[in-house]
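Trainee: With the input below, show me the fold.
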Amino acid sequence: MYIKQVFKFENDWWLYLIGVIIVGISTVIGSIPHTIALFSIAFSENADMNSIQEDPYALMSLIDSNLNLFLMLLSFAIGLLALLFVVKFIHKQTINSLTTSRKKIDWRRFWFSFILWGFVTVIFIVIEFLASPENYVLNFDLIPFLILFTIAVIMVPLQTSFEEYLFRGYLMQGLGVLSKNRWVPLFITSIAFGLLHIANPEIEKIGNILLIHYIGTGFLLGIMTLMDEGLELALGFHAANNLIASLLLTADWTAFQTNSILKDVSDPSMGNLEIIFPVFVIYPIILFVLSKKYNWTNWQKKLFGIVKND
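Mentor: Next up is the predicted model:
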């Protein structure tokens, strides 16, 4: 139903191509203020440009972390506006049908997923802190944290919503209609979502094996969307993941470097088990919990079935 309803709107392949181009250009335009700010500060501080070329993320240490976060997320907010414009005015599609197959967006689903994954995330951070307290320092500073909180509560959901509407919404529906099945968009969007994170600094520090986590997360969110016939659960999960991480824990080698409560000062390293465990153990448990709560059935049909315009 979630993919099938797109047949009611403009769904030619070239419209999706135009849409992706418009969204891509919009995000690049949205990143210009961030780029200008970083290089302006770099030149004013007489930063070593050779070292910056070797490690572009070193630039971010030169700018206030709250300002850096706001400017970094601004491109996602502009991308989201561009995507909604494309859907409404190029595809003549309603935002509700991009979000869900239900008559209206089910915010109870969003909040259940948000609270569920938020609780799990906090538990894991607490366990890691108690197990290795020497790897963490208290990073809390009231005024910068309050500014971070304000920015994060507003901007992080825009960032995560952009990614969900683009991958599990726009591309999932478009590829589903074009391929006439459900597994092609699931695989393509999940792998593309994971590879989108390849430029993150943690990939360079830990290695490409970390892509298993990002691709696995893409599959989790894609399965949620197809089984539940809507984006609400994926939107809640993704928002909780990024929001809580940005507020509770930071490190010098991650994409989000914030005035969070805790800072990880350990050497960036993760064993294979630490990467594989969440993807192949925790994520299936999350899907099991959601399947019981929302009575998911016909897994094979919903994940691998045919999409037809009846």
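
Trainee: Find the residue ranges of this structure scoring beneath the pLDDT cut-off.
Mentor: Residues of the chain that meet the criterion pLDDT under 70 lie in 45-60, 270-272.

Trainee: where do the helices sit along it?
Mentor: When secondary structure is read from DSSP state H, the chain shows helices at 13-44, 49-54, 65-85, 95-99, 107-131, 142-164, 172-179, 183-196, 201-206, 211-228, 232-248, 272-277, 283-294, 299-304.

Trainee: Please work out which residues outside the fourth one touch it.
Mentor: Put plainly, it is helix 95-99. Here helix 95-99 makes contact (CB atoms under 8 Å, 6 or more residues apart in numbering) with 5-6, 8-9, 84, 87-88, 103-105, 165, 169-170, 173, 230-232, 235. Bear in mind the C-beta positions are built from the backbone N, C-alpha and C, glycine included.

Trainee: Kindly write the PyMOL command that selects the buried subset of these.
Mentor: Applying 16 or more other CB atoms under 10 Å to the contacts of helix 95-99, the buried members can be selected in PyMOL as follows:
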select buried, resi 5+6+9+84+87+105+165+169+170+173+230+231+232+235
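
Trainee: For stretch 112-131, buried residues please.
Mentor: Across stretch 112-131, burial judged by 16+ other CB under 10 Å covers 112-114, 116-118, 120-121, 125, 128.

Trainee: And stretch 288-301, by the same measure?
Mentor: Buried residues in stretch 288-301, counted by 16+ other CB under 10 Å: 290-291, 294, 296.

Trainee: any chance of the residues you listed in a markdown table, plus distance to residue 178?
Mentor: Conversion of the buried residues of stretch 288-301 to a markdown table gives the following (distance: CB to CB, whole Å):
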| residue | distance to residue 178 |
| --- | --- |
| 290 | 28 |
| 291 | 28 |
| 294 | 28 |
| 296 | 25 |
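
Trainee: Looking at these, spot the one nearest residue 187.
Mentor: Sorting the buried residues of stretch 288-301 by distance to residue 187 puts residue 296 at the head of the list, at 19.5 Å, by CB to CB.

Trainee: Spatially central, which residue of this structure would that be?
Mentor: Against the mean C-alpha coordinate of the chain, by CA atoms, centre = their mean, the closest residue is residue 160 at 4.4 Å.

Trainee: Is it correct that that one is in contact with residue 244?
Mentor: No. Taking contact to mean CB atoms under 8 Å, the distance of 11.5 Å between residue 160 and residue 244 leaves them out of contact.

Trainee: Can you name the residues that contact residue 233?
Mentor: Applying CB under 8 Å, 6+ apart, we find residue 233 in contact with 109-110, 112-113, 224-225, 290.

Trainee: for residue 236, same thing?
Mentor: Listed by CB under 8 Å, 6+ apart, the contact set of residue 236 reads 109-115, 117.

Trainee: could you measure the closest residue to it other than its chain neighbours against residue 306, distance?
Mentor: The shortest distance from residue 236 to any residue other than its chain neighbours is 3.3 Å, reached at residue 113 (CB to CB, 6 or more residues apart in numbering). With distances defined as CB to CB, to the nearest Å, the gap from residue 113 to residue 306 amounts to 28 Å.
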